Structure formats: C-alpha cells, structure tokens
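Q: build me a model:
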Amino acid sequence: MRLVRENRPPIQLSYGGNVHPAETLDQLAHTLQTTTARVRQRLAADSLGVGLHLHEPLVRELESPDASALLRQVLAHEQLFVVTANVFPQRAFHAPRVKERVYAPDWSAPERADYTLAAAAALARIAAPGSEPLTLSTLPLGHHALLRAKPGFRAAAAAQLARVAQGLVQLSSTAGRLIQLAIEPEPACILETQADLADWFVRELVPAAAALGLDGATLRKHIGSCFDCCHAAVMHESTSSALQSLSSAGIAILKVQISAALETDLPHGLAALTHCAEERWLHQTSVRCGHAMFVAEDLERLPHGARGLARTHFHIPIHAEPALPLRSTAEGLPRTLRMLSALPCTHYEVETYSFGVLPAHLAGMSLEESLAAELSTARRWLLEPDAPNP
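A: Take a look at the predicted model:
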C-alpha cells in the first residue's frame with residue numbers, strides 16, 4: 001500500500017513474499033493471483049506492495065524477456081506493485097530443514113555477488129516504470145559458526161560487496177532509477193547489530209570500494225542498511241543507538257522490516273519457549289540478565305540453567321498476543337516506527353516468513369487473514385504513531 005503523508009514522500013508498505021514457498025515463475029504467478037490478490041481485496045486497497053523473494057532459480061527464469069513480461073502483466077492485473085525484494089536466502093528457503101544453510105553461499109563467495117547482481121537486474125525488469133528507488137535486502141556477510149575457521153573472510157566479503165556496488169552503479173544507469181542493496185544484521189551472524197554494520201562498513205567496505213575506484217558517497221548511495229525490528233529486539237539494540245551508529249558512519253536505512261520476536265523470562269518460561277522450536281529455521285536466542293547478555297545460535301542450544309530475559313528470533317505476527325508466559329516484542333514497535341518514519345527511507349515491509357511453522361495459538365487465523373491484519377496494524381502505526389496497541 002502507498003501511505004500518503006503530508007509534506008513527506010509516501011511510504012511504500014509491502015509484505016515479505018518469502019512467506020510463500022514459490023520458487024518458480026508459475027508458482028509465484030499463482031500465489032500473486034490467489035493469496036496476494038485476496039489480501040489486497042480484504043484491505044480494500046487500490047494497490048498492494050509485495051516484497052518478492054527472488055529465489056535463485058526464479059532469477060534465472062526471469063532472465064527471459066517473456067518471463068519478465070508475464071510477471072509484470074500479473075502484477076499489473078492484480079493491482080500489485082514491487083519496489084523491494086529479499087535476496088537473503090539464495091536457495092531452498094522452504095526446504096524441510098534449512099537452519100545454517102540459509103547463509104550459504106556467504107558474502108566471501110563470488111557466486112553470492114553474481115546472484116545478487118542478477119536479482120537486481122531482474123527486479124529492475126519486473127518493477128513498473130517510475131522514479132522510486134528499488135531495494136534488495138541481503139545477509140549480514142555470513143553466520144559466525146560457519147566462518148570461525150575461515151581466515152580472511154571479512155576482507156573477501158568486503159571485496160565482493162564492493163564489486164556489487166560497482167555493478168549497481170551500472171545497473172542504475174541502465175534502468176534509469178536507483179537500485180540499492182540493504183545489509184540486514186541478524187543475531188549470531190558476523191554483523192549482529194546496526195553498530196556492527198557501521199563499524200565494518202567504515203573499516204573494511206569503504207577501503208575495498210576505494211580500491212575499485214568507488215568513492216564513499218557513491219558507495220553509500222548504493223549500499224546501506226536493512227533495519228529488521230525483530231533482530232534488533234533480540235539483540236536488545238535500541239533504535240536510538242542504532243540510528244546514532246549509522247548516522248556517524250553516514251549509512252542510510254534503505255529498508256525497514258516490521259517484525260516481532262518472542263520473549264519470556266527464564267527459567268519460568270523455558271518450556272513454553274522451547275515448545276515453539278521447529279526444524280526448518282534457526283531461532284537464535286539472547287538471554288539478558290542485568291548488564292550481561294549472551295546469544296545462543298539456536299533456541300535448542302540454550303545452556304542449562306539459563307536465567308534472565310530471553311528473546312528468540314522467531315518472527316511472529318505483529319498483531320499476535322502470545323499466551324503467558326510468552327510475550328511479543330511488538331509493544332515497542334509503534335515507538336520504533338515513529339523514529340524510523342522520520343528518516344528518508346520509504347520502503348517498509350511486514351515480514352513474518354515463519355507463518356507456516358507457527359504454533360496454533362500464535363497463528364490463530366488463515367495466512368490471508370493474518371497478512372491483512374499485519375498490514376492493517378502496520379498502516380495504523382505508521383500513519384498514527386501515537387495510537388495505542390489494539
């Protein structure tokens with residue numbers, strides 16, 4: 001949905017298409033014509049944004065002009081628009097067991113850069129004509145556990161991302177509109193917080209880009225941050241400190257993912273929290289006690305006897321009300337969005353990709369109903385930032 005604001009650029013509000021296991025053009029077209037179209041109708045919206053998950057096989061299909069034209073036709077017919085895409089998972093995001101494989105290939109691998117540039121070109125072909133920038137969100141270099149014994153990883157990742165920035169400059173010129181890549185910090189990864197991103201960007205990415213002849217201003221125009229509210233909550237990173245870190249490094253937030261995490265108090269809520277563990281994705285969990293905090297790589301790897309406030313990387317619908325002793329971090333979202341919406345960023349995306357594995361008490365409705373409820377809630381928070389939670 002396009003949310004009009006007085007004296008401000010409109011917000012482009014989408015939902016994350018990675019909730020759908022659509023890995024081919026036929027599957028994606030069918031999903032858009034059914035589920036997504038019905039969500040738009042539920043909202044009585046003139047148009048609805050969808051953040052496509054450009055899975056690698058789909059990107060290859062979209063290299064065909066006929067395939068790109070077909071997808072544009074479907075989007076136009078269903079009154080849908082695309083200004084952003086998720087290229088964090090490159091392959092098989094809805095396989096029965098994904099876990100650490102979602103981070104492969106990592107950013108030190110040339111094939112990650114090649115795929116990202118191909119996806120950016122595909123997005124430019126799919127999007128309707130206009131001057132709005134196009135954004136793609138990507139992984140925060142890689143996962144700690146997979147890269148501890150990989151010397152030179154950070155420098156290699158910087159070199160590949162600098163190459164992508166160089167490619168985005170050329171793609172933007174050809175497409176006639178700005179194409180940007182947003183790096184998404186995540187718990188237990190090389191870049192866990194926005195502060196980590198800011199430090200790495202200045203120390204390693206800027207010099208790598210300079211080696212290719214890209215100045216800092218051009219780099220920052222094409223590479224920035226994706227602010228995922230769930231991830232920030234798990235890492236207990238305050239919005240104000242995150243914005244300060246990014247501002248000091250001259251890094252823009254290009255995309256915001258409106259998402260919520262599960263939280264509880266340990267040890268009391270441990271049984272309820274572990275009941276939510278499932279086999280497909282990692283659920284990194286932080287435990288904070290006083291000023292001390294540690295992050296477990298998965299919910300099932302919490303140390304015995306852990307005590308404190310636990311937050312788990314398990315995206316739950318932002319309107320959901322978990323049964324006690326579980327709670328949602330969505331309570332802080334209106335304040336976070338109030339701060340973020342004051343920035344130039346206009347790409348906002350509701351992202352609850354985990355809907356298909358939610359326990360029944362957290363889902364509570366069909367996917368269409370849930371997406372419509374999340375988008376309606378996000379729209380209200382963005383346009384009425386002082387409105388109380390429902």
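Q: so which residues of the stretch 101-250 of the chain form helices?
A: Here the stretch 101-250 of the chain has its helices, by DSSP state H, counting those that start in this stretch, at 110-126, 144-147, 153-175, 194-200, 206-211, 216-222, 229-234, 239-249.
Q: figure out which of these is closest to residue 268.
A: Of all these, it is helix 229-234 that lies closest to residue 268, at 19.2 Å by Cβ to Cβ. Backbone N, C-alpha and C define where each C-beta goes, glycine included.
Q: contacting residues around that closest one?
A: Around helix 229-234, the neighbours that count as contacts under Cβ atoms under 8 Å, 6 or more residues apart in numbering are 184-187, 193-194, 239, 242, 256-261, 263, 284-286, 295, 311-313, 315, 329, 332-333, 336, 351.
Q: just the CA coordinates of that helix, formatted as CSV?
A: The C-alpha trace of helix 229-234 is given here as CSV (Å, rounded to 0.1, in the frame of the first residue of the first chain):
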residue,chain,number,x,y,z
CYS,A,229,12.8,-4.8,14.1
CYS,A,230,12.7,-8.5,15.3
HIS,A,231,16.5,-8.8,15.0
ALA,A,232,17.1,-5.5,16.8
ALA,A,233,14.8,-6.6,19.6
VAL,A,234,16.6,-9.9,20.1
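Q: show me the contacts for residue 278.
A: residue 357.
Q: my bad, residue 325
A: 264, 265, 268, 269, 272.
Q: quick one: which of the residues you listed has the most company?
A: residue 264 (21 neighbours; other Cβ atoms under 10 Å).
Q: I figured it hits residue 310, correct?
A: Yes - Residue 264 is within contact range of residue 310, at 5.6 Å (criterion: Cβ atoms under 8 Å).
Q: how many neighbours does residue 241 have?
A: Neighbour count for residue 241, taken as other Cβ under 10 Å: 14.
Q: distance check, it against residue 247.
A: Per Cβ to Cβ, to the nearest Å, residue 241 is found 11 Å from residue 247.
Q: for the chain, give me the ranges with low pLDDT.
A: 148-149, 385-390 (pLDDT under 70).
Q: which residues touch the residue of it positioned farthest from its centre?
A: Distance from the C-alpha centroid of the chain peaks at residue 305, with 32.2 Å (Cα atoms, centre = their mean). For residue 305, the contact set (Cβ under 8 Å, 6+ apart) comprises residue 267.
Q: and the gap between it and residue 291?
A: For residue 305, the distance to residue 291 - Cβ to Cβ - is 19 Å.
Q: in terms of helices and strands, where is residue 322?
A: Residue 322 is located outside every helix and strand, with elements delineated by DSSP states H and E.
Q: correct me if wrong: it contacts residue 262.
A: Yes - using Cβ under 8 Å, residue 322 is in contact with residue 262, at 6.5 Å.
Q: got any residues that touch both of these two?
A: Joint contacts of residue 322 and residue 262 (Cβ under 8 Å, 6+ apart) are 316, 328.
Q: circling back to that earlier point, so which of the contacts of residue 325 is the closest to residue 24?
A: If you rank these by distance to residue 24 using Cβ to Cβ, residue 272 comes first, at 37.9 Å.
Q: the host helix or strand of the closest one packs against which elements?
A: If you go by DSSP H and E, residue 272 is part of helix 270-274. Applying 3 or more Cβ pairs under 8 Å, 6 or more residues apart in numbering; DSSP states H and E, one finds that helix 270-274 contacts strand 260-266, strand 308-316.
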